[in-house]
Every structure is written in C-alpha cells, then in structure tokens.
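> Would you be able to build a 3D model of this:
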Amino acid sequence: MEQVLALLDFEPSHRSGPQWYGRCPLHESTSRSRPFSVNVSLGSFSCHRCHKHGDVIDLWAAATGLLLHPAAIDLCDALRREVPWIQHGQ
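From the prediction side, this is the model:
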C-alpha cells in the first residue's frame with residue numbers, strides 16, 4: 001500500500017500508527033480536512049468525501065480509471081513486478 005500511495009503522490013497530513021490521514025488522491029480536494037484514511041498494515045483505504053473504499057487494487061483502479069483486472073496488471077507494471085498469475089518461461 002505504501003508504494004501505491006507514493007506512486008499517487010499521497011502525503012499524509014497525520015499518522016496514528018498504521019492509520020494515515022490526508023487529502024484524497026482520487027478527487028480534487030482543496031479543503032484542509034483529512035477525508036481520506038488508509039491503514040497501511042491492512043492495505044485498505046476509505047474516503048469519506050468521494051465514498052471510495054477498498055484495497056490496494058481498488059485504489060489503483062480508481063486512480064487510473066481502469067477496471068480491476070487491467071488495473072492489477074498496470075500496477076504490477078508500475079511497481080516493476082511480475083503479474084503473479086502469468087507464468088513466464090515454462
């Protein structure tokens with residue numbers, strides 16, 4: 001989750017252990033409030049303004065506008081990791 005937040009240029013304005021708060025990286029938030037919360041140890045997020053929530057793939061899909069399957073492949077590519085369900089070299 002932390003790597004995805006870094007890709008989205010998310011800067012938490014407040015941290016409480018594994019729970020981070022700040023502006024939502026999914027919508028244009030101009031307020032100084034912290035509607036976006038993410039639990040980095042559980043890999044889950046929620047925005048109380050745009051009502052998006054889910055896991056790391058849901059976050060990447062919402063940020064990129066992709067469906068879940070293409071978003072998972074795109075995220076693996078962005079993180080320079082192999083797609084786990086695609087076998088190479090067999």
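> Now do the strands in this protein.
Along the chain, the stretches classed as strands by DSSP state E are 14-16, 19-22, 36-39, 44-47, 53-55.
> And the helices in the protein?
2-7, 56-64, 68-78 (DSSP state H).
> Which of those helices sits closest to H14?
Comparing these by their distance to H14 (Cβ to Cβ), the top pick is helix 2-7, with 14.0 Å. The way it works is simple: take the backbone N, C-alpha and C, and place the C-beta from them, glycine included.
> Can you give me the buried ones in the closest one?
Of the residues in helix 2-7, those buried under the neighbour-count criterion (16 or more other Cβ atoms under 10 Å) are 4-5, 7.
> Same question for stretch 47-56.
Buried residues in stretch 47-56, defined by neighbour count with 16+ other Cβ under 10 Å: 47, 52, 56.
> I'd like to check what contacts that stretch. Which residues are they?
1, 4, 24, 26-27, 29, 35-37, 43-46, 58-59, 62, 75 (Cβ atoms under 8 Å, 6 or more residues apart in numbering).
> just stretch 77-86 next, same as before
Contact with stretch 77-86 is made by 3-4, 7, 60, 72-73, 76, 88, as judged by Cβ under 8 Å, 6+ apart.
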